[in-house]
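**Q** Sequence and predicted structure below; questions after.
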Amino acid sequence: MIGNVQSFHTPVDPSVKRQMQESVFRLMTAIAYRTSQDPRIWCEEVRGAEGGREYSWSDFRGHSVYLLDLYISLQFDVACETQLLALRSLLLNQISSPQPFRTNATWWQDVYLPTAVDAFTCGFTSSKLEDFDFVSHDLRENFNTDAFKQKLWYLIGNYLNSIYKQRENNNRRLDFDSGLYIPFLDKYTGGDYTVTNQMRVGFPTYLGRSIWFLFHAMGQRIADSSCTDQAMLDDLFERSRIWLTFFATLHPCPFCREHFLSHVSVNDRFASDPLNNEAIRYYPIEHLLLGGVEGTLAGKVSAIKSSDKNSLAIFFWKLHNAVTSSVEMGCSCFTEEIEDKDPYNCVFDPTNTTQIRYPRMGRVFPVTKRFEFILTTNHNYTLFDDSRSQLETSIKKITSIDNLTLRIELWKYWNNGTKISETSQNQVTELTTEIEKMTNSFLQLGILQQQYSHNETLSCAKLTEQLSALKSRDNITTPDPTKIARLSDKCAKYLTDSACNKQYPLPPTPSPTPTVNSTQDNIQQSVSNQLSSNLFLLVSLIILLSYLY
Ligand SMILES: Cc1cc2nc3c(=O)[nH]c(=O)nc-3n(C[C@H](O)[C@H](O)[C@H](O)COP(=O)(O)OP(=O)(O)OC[C@H]3O[C@@H](n4cnc5c(N)ncnc54)[C@H](O)[C@@H]3O)c2cc1C
């Protein structure tokens, strides 16, 4: 019983190294799958729609190479260097896109997948069916003698056995085929999930968590380093910004990609209503002001800078809270959170268009109730309680400055360039100072270290050496975050309202439905109109008669 409680949120092997192997493998293969589809353009969730955004081969290649360079040089898995370099060379040398999977599966299933599996399974030796409660049905045949299948299970088994799999939609909780998550397996399992486009690579519970882990562990690895060579740090941070810019156009959940590009990363500036938009209703103020008031992806990414080793970790902390505040599994106020004390409570009045507090949830991690047991690995509650008491003063201060008028002014500035008033500018300055204080208090808590630090020390000499060795970039164009196109208008008919807006709709704008009083008013109005027009006719008649006679 105690064993069950202790393992509630803890993976079988909770080491950062193991979780990174799973996370990077899942992200890279998921993007590969989107790139291998035909067609590979999407209007939000609709594949093949005219005007859709592409999962482009060259971006996939660029993203993979930049991610692998960071992963290798930051020494997440030193024992796997040879296999990781093999994967890097494979992608670097494959300049033009292979044919789509359904036309010719060879490159994807016989070349890419085995190379990727080898690159993320170092340290794994072997396993048997008897070692597990269960193994996916589609991997069971010859499992005990098939090293490739054992490696696949090493990469996917933890998810299929986790509570997070049990948070998928009702009809998807009790099917456990690995080929639903790892692409290009049809040949190995006898299934058809890849060729029939039935993959779940983009599911939030599956991939969302892996991406966040990868992001936070990457940020923390840099924050933990003691390296001081400024030229090397400049290079490292520049590569991090480029990697992220590539990522922005490649999130393998098409809906999430569009949500990120069209809403989160641009402070929802393209919305049509100054009240009904995510910037006003959901995002924490520190996300809106990330990188200054600019409110664009480029502006936000500029907050990642080599002069501050914590900046990548902090960027992800803020971004993650903003995404959580506006996605299906994050934006709901939990009952305990509604009842929680100020300033950690969730405040929302569905009967009113304007709210008493903006946003209704402050920043989520680490202070809201949902994290009480995630941050309590030793069951002594200290990390969660400490974070709440240490952050309370600055969070209260920020909440007291943050207000609707300010948010509307900021949003209008982002939306159409309307000048920000002096009062609001002063509030932004005040908020920036308070956000800085809150961020420093958060860093001092050591939560990010506790959750994401690697237990092997980073060698600065090796990092410098690797970065200079990993410079080949054949035909990879550096992406420009200011040039990411807006989704085409042709996609407008496919766009759906977000799950959070459906959960928290604003009350409809009052329609001119007549009340009893107004009906009477209307009647009186029309009677008086009638009288005046009759009077006008009478006067006109008298004038006419007097003229005639
Ligand atoms: C860039 C991006 C965009 C996404 N967009 C969407 C979308 O549009 N729609 C959608 O439904 N899903 C989206 N997702 C997935 C979504 O964010 C969640 O990953 C998913 O809903 C699962 O949520 P979860 O509650 O299991 O925890 P997650 O939010 O995945 O968090 C995982 C763990 O990270 C830790 N954590 C949480 N917050 C922080 C923080 N701020 N800093 C450090 N650690 C933290 C906690 O321990 C938590 O349990 C997106 C994911 C990413 C990476």
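**A** Everything's here; your move.
**Q** neighbours around the closest residue to the ligand within the chain, how many?
**A** The ligand sits closest to Gly208 of the chain, with a gap of 2.4 Å, by Cβ to the nearest ligand atom. Heads up, the C-betas are built off the backbone N, CA and C, glycines and all. Gly208 has 21 neighbours, counted by other Cβ atoms under 10 Å.
**Q** ok, it to Ala79 distance?
**A** According to Cβ to Cβ, to the nearest Å, Gly208 and Ala79 sit 28 Å apart.
**Q** can you check Arg53 too?
**A** Taking Cβ to Cβ, one finds Arg53 at 38 Å from Ala79.
**Q** Give me the more crowded residue out of the two.
**A** Arg53 (23 against 9).
**Q** If that one is in a bridge, with which residues?
**A** Trp42 (DSSP bridges).
**Q** Let me know whether Pro100 touches Ser36 as I believe.
**A** Yes - shown here, Pro100 and Ser36 form a contact pair, counting by Cβ atoms under 8 Å, at 5.9 Å.
**Q** which of the two has more neighbours?
**A** With neighbours defined as other Cβ under 10 Å, Pro100 and Ser36 compare such that Ser36 has more, 26 against 15.
**Q** Could you list the residues of the stretch 351-500 of the chain in contact with the ligand?
**A** Within reach of the ligand by Cβ under 6 Å from any ligand atom, the stretch 351-500 of the chain has these residues: 365, 374.
**Q** Tell me where the stretch 351-500 of the chain has strands.
**A** Taking DSSP state E, counting those that start in this stretch, the stretch 351-500 of the chain contains no strands at all.
**Q** Could you check how many residues crowd around Asn104?
**A** Neighbours around Asn104, by other Cβ under 10 Å: 11.
**Q** Report the secondary structure state of it.
**A** Here Asn104 is coil, with the state taken from DSSP: H, G, I helix; E, B strand; the rest coil.
**Q** Could you tell me which residues make contact with it?
**A** Pro98 (Cβ atoms under 8 Å, 6 or more residues apart in numbering).
**Q** Please tell me how far it sits from Glu54.
**A** 20 Å.
**Q** same check, this time on Thr228
**A** 41 Å.
**Q** My guess is Leu147 contacts Ser126. True?
**A** To be clear, residue 147 is Ala; Leu isn't right here. Yes - contact criterion Cβ under 8 Å: Ala147 and Ser126 qualify, at 6.8 Å.
**Q** Quick check: buried residues in stretch 497-508?
**A** Within stretch 497-508, the residues that count as buried by 16 or more other Cβ atoms under 10 Å are 498-501, 504.
**Q** residue ranges with poor pLDDT in this protein?
**A** Counting by pLDDT under 70, the chain has low-confidence residues at 1-10, 12, 376-380, 509-549.
**Q** Would you map out the domains in it?
**A** 9-256, 263-466 (automatic domain parsing).
**Q** These: which one's closest to Leu487?
**A** Checking the domains of the chain against Leu487 by Cβ to Cβ gives domain 9-256 as the closest, at 6.2 Å.
**Q** centre of the chain versus that closest one, how much separation?
**A** Its chain's C-alpha centre and that of domain 9-256 lie 16 Å apart, by Cα atoms, centre = their mean, to the nearest Å.
**Q** Make 22 the first number, not 1, from now on.
**A** OK, 22 is where the count begins now, so the last one is domain 30-277.
**Q** So the closest residue to Thr485 other than its chain neighbours versus Gly320, what's the distance?
**A** Spatial nearest neighbour of Thr485, chain neighbours left out: Met253 (4.7 Å); criterion: Cβ to Cβ, 6 or more residues apart in numbering. Using Cβ to Cβ, we find Met253 at a distance of 26 Å from Gly320.
**Q** Spell out which residues of the stretch 172-321 of the chain are next to the ligand.
**A** So far as Cβ under 6 Å from any ligand atom goes, the stretch 172-321 of the chain lies against the ligand at 185, 225-226, 229-230, 232-233, 237, 272, 276-277, 280-281.
**Q** Please identify which pair of those residues lies farthest apart.
**A** His237 and Phe276 (22.4 Å).
**Q** Quick check, central residue of this structure?
**A** Val344 (5.0 Å; Cα atoms, centre = their mean).
**Q** so what's that one closest to, chain neighbours aside?
**A** Nearest to Val344 is Val285, by Cβ to Cβ, 6+ apart, at 6.0 Å.
**Q** Could you give the number of residues near that neighbour?
**A** If we define neighbours as other Cβ under 10 Å, then Val285 has 24 of them.
**Q** Check whether it really touches Tyr304, as I assumed.
**A** Yes - applying Cβ under 8 Å, one finds Val285 in contact with Tyr304, separated by 7.4 Å.
**Q** Quick check: which element contains the nearest residue to Glu477 once chain neighbours are set aside?
**A** Nearest in space to Glu477, with sequence neighbours left out and distances taken as Cβ to Cβ, 6+ apart, is Gln96 at 6.9 Å. Under DSSP states H and E, no helix or strand contains Gln96.
**Q** Next, give phi and psi for Gln96.
**A** Backbone dihedrals for Gln96, given as degrees, to the nearest 10, come out at phi 60, psi 50.
**Q** wait, isn't it in contact with Cys481?
**A** No - with contacts counted by Cβ under 8 Å, Gln96 stays clear of Cys481, the gap being 10.4 Å.
**Q** These two: which is more packed in?
**A** Gln96 (18 against 15).
**Q** Enumerate every residue touching that one.
**A** By Cβ under 8 Å, 6+ apart, the neighbours of Gln96 are 477, 479-480, 483-484, 487.
**Q** Select only the buried ones of those residues in ChimeraX?
**A** Selecting the buried subset of the contacts of Gln96 in ChimeraX, with 16+ other Cβ under 10 Å as the burial test, is done by:
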select :479,484,487
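**Q** Make CSV out of the contacts of Gln96 and add distance to Leu105.
**A** Formatted as CSV, the contacts of Gln96 follow (distance: Cβ to Cβ, whole Å):
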residue, distance to Leu105
Glu477, 16
Leu479, 16
Ser480, 16
Lys483, 14
Leu484, 15
Gln487, 11
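**Q** Inside helices: which ones of the contacts of Gln96?
**A** The helices, defined by DSSP state H, take in 483-484, 487 from the contacts of Gln96.
**Q** where exactly do the helices run in the stretch 322-471 of the chain?
**A** 332-345, 356-360, 403-422, 425-437, 443-466, 468-473 (DSSP state H, counting those that start in this stretch).
**Q** If you count neighbours, what's buried in the third one?
**A** Right, the one you point to is helix 403-422. 404-405, 408-409, 411-413, 415-416, 418-420, 422.
**Q** repeat for the shortest one
**A** Of the residues in helix 356-360, those with enough neighbours to count as buried (16+ other Cβ under 10 Å) are Glu358.
**Q** outside of that helix, which residues touch it?
**A** 365-368, 382, 389-391.
**Q** Just checking, which helix or strand succeeds the strand or helix carrying Asp80 along the chain?
**A** If you go by DSSP H and E, Asp80 is part of helix 78-94. Remark: after helix 78-94, the chain's next helix or strand is helix 102-114, criterion DSSP H and E.
**Q** mind listing what's buried in that next one?
**A** 104-105, 108-109, 111-113.
**Q** Tabulate the CA atom coordinates of whichever helix or strand Arg262 is part of in CSV.
**A** Under the criterion of DSSP H and E, Arg262 resides in helix 251-269. Extracted C-alpha coordinates of helix 251-269, given in CSV (Å, rounded to 0.1, in the frame of the first residue of the first chain):
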residue,chain,number,x,y,z
GLN,A,251,31.4,33.9,-22.3
ALA,A,252,31.9,33.1,-26.0
MET,A,253,30.8,29.5,-25.4
LEU,A,254,27.7,30.7,-23.4
ASP,A,255,26.7,33.1,-26.1
ASP,A,256,26.9,30.2,-28.6
LEU,A,257,24.9,27.9,-26.3
PHE,A,258,22.1,30.4,-25.7
GLU,A,259,22.0,31.3,-29.4
ARG,A,260,21.5,27.7,-30.2
SER,A,261,18.8,27.4,-27.6
ARG,A,262,16.9,30.3,-29.1
ILE,A,263,17.2,28.8,-32.6
TRP,A,264,16.1,25.3,-31.4
LEU,A,265,13.0,26.9,-29.8
THR,A,266,12.1,28.9,-32.9
PHE,A,267,12.2,25.7,-34.9
PHE,A,268,10.1,24.0,-32.3
ALA,A,269,7.4,26.7,-32.5
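**Q** Many thanks, I have nothing further to ask.
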